[in-house]
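pasting the sequence and the predicted model now:
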There are 2 protein chains.
Amino acid sequence: MARKYVSIRNLEFLLNEVHHLREVLEHPHFSHHDPETVGMMLDAARQLADVYLLPFYGDMDQHEPYLEDGQIKVHSSVRPYLDALGEGGWLGAVATLEDGGMQMPQMMATAAAFILTAANNGATSFSGLTTGAANLLATFGTPAQKAAYLPGMFSGKWQGTMALTEPQAGSSLSDIVSTATPMPDGTYLIKGHKIYISAGDYTDAENVVHMLLARIDGAPAGTKGISLFIVPKYRIGAGGEMIFNDITPAGVYHKMGQRGTPATHLIFGERDACYGDLLGEPHKGLSQMFQMMNEARIMVGLGAASLASAAYYASLQYAMERPQGRRLNDRDLSKPQTPIINHPDVRRMLYLQKALTEGALSIVMEASRYADLAKTSTGEEKEKYEMLLDLMTPIVKSFPSEMAIVSISNGLQILGGGGFCRDFPLENYYRDIRIYPIYEGTTGIQAQDLLGRKVTLHNGKALMLLAAEIQKTLDAADTYEDLRRYVQTLKQELQRLQQVTMHLVQFAMKGDIERFLSDATLYLELAGIVIAAWQWLKQAAAAQQTLITQLPAGDERDFYENKVHSMKFYFAYEVPKTHALVTRLMDTEVLTIVRTASEMAIV
Amino acid sequence: MARKYVSIRNLEFLLNEVHHLREVLEHPHFSHHDPETVGMMLDAARQLADVYLLPFYGDMDQHEPYLEDGQIKVHSSVRPYLDALGEGGWLGAVATLEDGGMQMPQMMATAAAFILTAANNGATSFSGLTTGAANLLATFGTPAQKAAYLPGMFSGKWQGTMALTEPQAGSSLSDIVSTATPMPDGTYLIKGHKIYISAGDYTDAENVVHMLLARIDGAPAGTKGISLFIVPKYRIGAGGEMIFNDITPAGVYHKMGQRGTPATHLIFGERDACYGDLLGEPHKGLSQMFQMMNEARIMVGLGAASLASAAYYASLQYAMERPQGRRLNDRDLSKPQTPIINHPDVRRMLYLQKALTEGALSIVMEASRYADLAKTSTGEEKEKYEMLLDLMTPIVKSFPSEMAIVSISNGLQILGGGGFCRDFPLENYYRDIRIYPIYEGTTGIQAQDLLGRKVTLHNGKALMLLAAEIQKTLDAADTYEDLRRYVQTLKQELQRLQQVTMHLVQFAMKGDIERFLSDATLYLELAGIVIAAWQWLKQAAAAQQTLITQLPAGDERDFYENKVHSMKFYFAYEVPKTHALVTRLMDTEVLTIVRTASEMAIV
């Protein structure tokens, strides 16, 4: 039997009892799905993961991609996985039926992706990028463009990528210099270097379709002059033949983790023979690209939660099986050693893992719900859910990413020396997870996005909408005597977050943006803790309701009681950390802003 | 020129101005050293590190030790390094002249070890273990034992080890089952498995001298029946010939980091031909071993600070050289991009690295000072410094280890995608550092040692002595107007630590040890923050004094002002974290203690 890496029970709880997938499924857009198929869908994803993903997790890490004779080779398990995924229709899970997709709610797709990614995050990077690129193409592509690319991508035979970063333009996308020169036939001659392109090229893909940012000749400086192009590795000729499009892999990065997925350095148009198709409107490339970027950011948060889940179950199993020492109140040496799960310190680390993992997943699921509701509603409702999703995105990206590191590190610690060795998967998860706070905009970039853009957008309307959402949970939880203490705590935390926001916004109003955003990362951390506390209270209220109304027994009762217990753990061990963040954020002393040139070097 | 990995200037500041090495050197025991030789000594260590260590850091990681035909091969740079170290006398730095050592203050040895370890922590693991084993032998060995082993060890030709852990006895040393059967000639027949033995065997060592724990036949159960043995890979025959002592390497662990040093699984006496010499008294093995263990714990803390230092300078250099984006108050796209050190968020991460690294090093130096003062004093004074060293040891081991992870992770983050790739050393430091909170007693074990033993020893006398030490710093700092705010903060923090201690000790007095220690890890974290705050205030007071009395200019003034600034940073960003820990530790709700069997499994 495959080792446990996810809890299907918990996914069902989140989908059905906490985030009410049923309400989303009632909309005509999703009428071809029904609640009864959800369990089957989870089961199918689990089977796919057990067969095509989990068995190759460690081996993909040990045999990283390599560049040989100008070609990149990846692990042999990638192709069968992508084929199976394509056959199952998963790559087009949320795409419309018309575009060849399954038109599934994002919440269901999120649940499936959680299972797959927990089994093997290296392999799902390939599929996640193809799906993201295809969805972008589906939104902005002409019928001809869709017809040319979507079938190959949804089948899994063609790989999709996101080609943004350049050597001089990482966090600062406005400094992109790749060029696009208009050709008489309407295409563009593409020239430039792109780096860190995940799954950017490999021999087992029949084609690679790059979503590439470049500047059309004469375009204005900065982000307003960036356009988006479809640039395939092979162009399709008039007779359907595949013509090599002058994209050369210059290298594969050697990474600490996430080693199954090649991060490539690609040269476009080295021999002046690389052509791309404009996608959408000229000079609107960056804002269009943000559809894929935002989707990718949510997928990064989801991926981080997935890794944390797999690590949690690995360390839980170890803790239940490894005897070491005796309980501190009964150190009788004649007795056998006790499983370490009985030591409070180990138990604390396990609950921390659980609280962070399931809290993170619930945040991602909440965002997925907003994505679904934005799709199924209109007018003001639609705007509301779009704003909520926009506001939540940097938190959805960062909280799971940062906290999964903490979570997995605690999991590794539970195994002691074993955690540091390749005999157990913990060290692999620990290496893999470290890229998540860097992928698709670092935590620092997310923090600037949250405080510098999302919070102040529409005069802070998104934040008010979020407060109203949280209020619903507070009201629901307040009906349970046992939860009132936590309702009060969350109320106070929310008030303090709002005070901090007001305090910081003053600097923006004075035009001192650098001061406004100097500790934005701490603000993001603060918001993340509050949002996770909200999600835990939401889960606890749902669990409490079931405990009271359904009187579950045995394992089922344990499941729900453990949910309440985990909420208490999160409020006891994690929520108090807001105090330090608030203290710092309200502090008037500036310690990290350079005032004079001589201050630059720190000795 | 070699890249920077330590600040010699900072070491001089700590030795001379903060921890007053001069006072220690005045003692007759150290009369053959004088303050003027200290600079030369640091220089010599630096040269050795530049030539024998730094150039091989990455290569040792990439070419890990392997077992072939029953023999373990290590990187070819290890032997020349150990030879150079032996020739320079460094392996016997603190050993007495009589025993063939340099009889150096621990503070000087610590400074040298800091430089060497920062250059290549994999290589210094070999030398650190030899030194620790030799020092143990010097303390408990007979003249004949010393004569047989010390010259080989101090020359670097013979390797020393610490052979404690067994498959069923990791954190729980009382469960050791290796056996020692008395032989007619006074030696003992040794039998057993030892795992995770660092530098346990390799072909480039002429001999390996194991400090091994085992039970003499018929010994009582638990720690009271454990004895300490010298067990060499080759016994010395009557005619000086080397006789293989039946110690077989069964495997080398494949580790995430610290890959240059082989962690070995050794089988002692597979063919009933392994003999050991009792070291010290029978059944006193564990307490004797703790001399080496305590020394090793301090070396772990020191090593963690070293790695954090090397990572700090690597990310600092990157931040000064990498242009990306523009300052937030001046986003004119026509201007060139700014070095990222000018972004407040990057600067925050650099200051965090600096504050954690130099704070950790100062803690280690304080402990080294106590070791020196315990050696040079008598009676009550000696007892006092021994108690202070004992109390500080778990903090010296854990604070640097845990905080170096945070520090290096921030360093990696500064490099973005580059931090995750092998093109830069950050990912290597990040992998290496993760073992430090596990080595020589996990953080959880250190926490139980601190709260469960050290704090309550002699009715809490050690804690009172420590408070008196801290008071001296408070008094000194209180003379500077600019520092008074921080004096008040530290006073409050100290009071709260004492309140928390009293609160927790109540449970011990009621006999509920499990409850007493259930959150000991948080207590250790709290104590670590307070101790680091103390060390920062101590550094700031010393810097302030120099600024006022010596009126330094240029780089020197920057150095001292930066010390004060870093103290402010630590108090602003890190010290407020105590609030969450105190809140939890004073909370009466128990969430991690198993009350019933059915509670065991967390779902």
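Received, thanks.

identify the residues contacting the closest residue to chain B within the stretch 101-250 of chain A.
Using Cβ to the nearest Cβ, the single residue of the stretch 101-250 of chain A nearest to chain B is residue A:172, 3.9 Å away. In short, each C-beta sits where N, CA and C put it, glycine included. Going by Cβ atoms under 8 Å, 6 or more residues apart in numbering or on different chains, residue A:172 touches B:324, B:325, B:326, B:337.

so which of those residues are also by chain A?
Checking these against chain A by Cβ under 8 Å from any Cβ of the partner chain, the ones in range are B:324, B:325, B:326, B:337.

dump these into JSON lines; add neighbour count, secondary structure and pLDDT as well.
What follows is the ones next to chain A among the contacts of residue A:172, written out as JSON lines (neighbours: other Cβ atoms under 10 Å in any protein chain shown; DSSP: H, G, I helix; E, B strand; the rest coil; pLDDT from 0 to 100):
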{"residue": "B:324", "neighbour count": "19", "secondary structure": "coil", "pLDDT": "97"}
{"residue": "B:325", "neighbour count": "19", "secondary structure": "coil", "pLDDT": "95"}
{"residue": "B:326", "neighbour count": "19", "secondary structure": "coil", "pLDDT": "95"}
{"residue": "B:337", "neighbour count": "17", "secondary structure": "coil", "pLDDT": "95"}
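
among the residues you listed, which pair sits farthest apart?
B:324 and B:326 (9.0 Å; Cβ to Cβ).

what sits in contact with each of these two?
Shared contacts of residue B:324 and residue B:326, defined by Cβ under 8 Å, 6+ apart, are found at A:172, B:337, B:338.

surely the second one touches residue A:168?
So that's residue B:337. Yes: between residue B:337 and residue A:168 there is a contact under Cβ atoms under 8 Å: 7.4 Å.

mutual contacts of those two, please.
A:175, B:323, B:324.

for the first one, which non-adjacent residue is closest in space?
It refers to residue A:175. By the measure of Cβ to Cβ, 6 or more residues apart in numbering or on different chains, the closest residue to residue A:175 outside its immediate chain neighbours is residue A:169, 4.1 Å from it.

just checking, the one you found touches residue A:192?
No: when contacts are counted by Cβ under 8 Å, residue A:169 is not listed as touching residue A:192 (10.1 Å).

now the common contact residues for those two.
Between them, residue A:169 and residue A:192 share these contacting residues under Cβ under 8 Å, 6+ apart: residue A:177.

what sits against the closest residue to residue A:262 other than its chain neighbours?
Leaving out its chain neighbours, the residue that sits closest to residue A:262 by Cβ to Cβ, 6+ apart is residue A:65, at 3.7 Å. Contact analysis of residue A:65 by Cβ under 8 Å, 6+ apart lists A:72, A:73, A:74, A:75, A:202, A:252, A:259, A:260, A:261, A:262.

what about the second one, distance to chain B?
I take that to be residue A:73. Separation of residue A:73 from chain B (Cβ to the nearest Cβ, to the nearest Å): 19 Å.

run through the bridge partners of that residue.
residue A:66 (DSSP bridges).

tell me who's in contact with it.
Taking Cβ under 8 Å, 6+ apart, we find residue A:73 in contact with A:65, A:66, A:202, A:203, A:204.

could you do the fourth one as well?
Contact criterion Cβ under 8 Å, 6+ apart gives A:56, A:59, A:60, A:63, A:65, A:122, A:260 as the residues in contact with residue A:75.

against residue A:63, how distant is it?
6 Å (Cβ to Cβ, to the nearest Å).

how distant is the helix or strand where residue A:112 lies from the center of its chain?
Assigned by DSSP states H and E, residue A:112 belongs to helix A:106-119. Remark: helix A:106-119 is offset 11 Å from the chain centroid, using Cα atoms, centre = their mean, to the nearest Å.

one more: stretch A:174-182?
Distance, stretch centre to chain centre, for stretch A:174-182: 28 Å (Cα atoms, centre = their mean).
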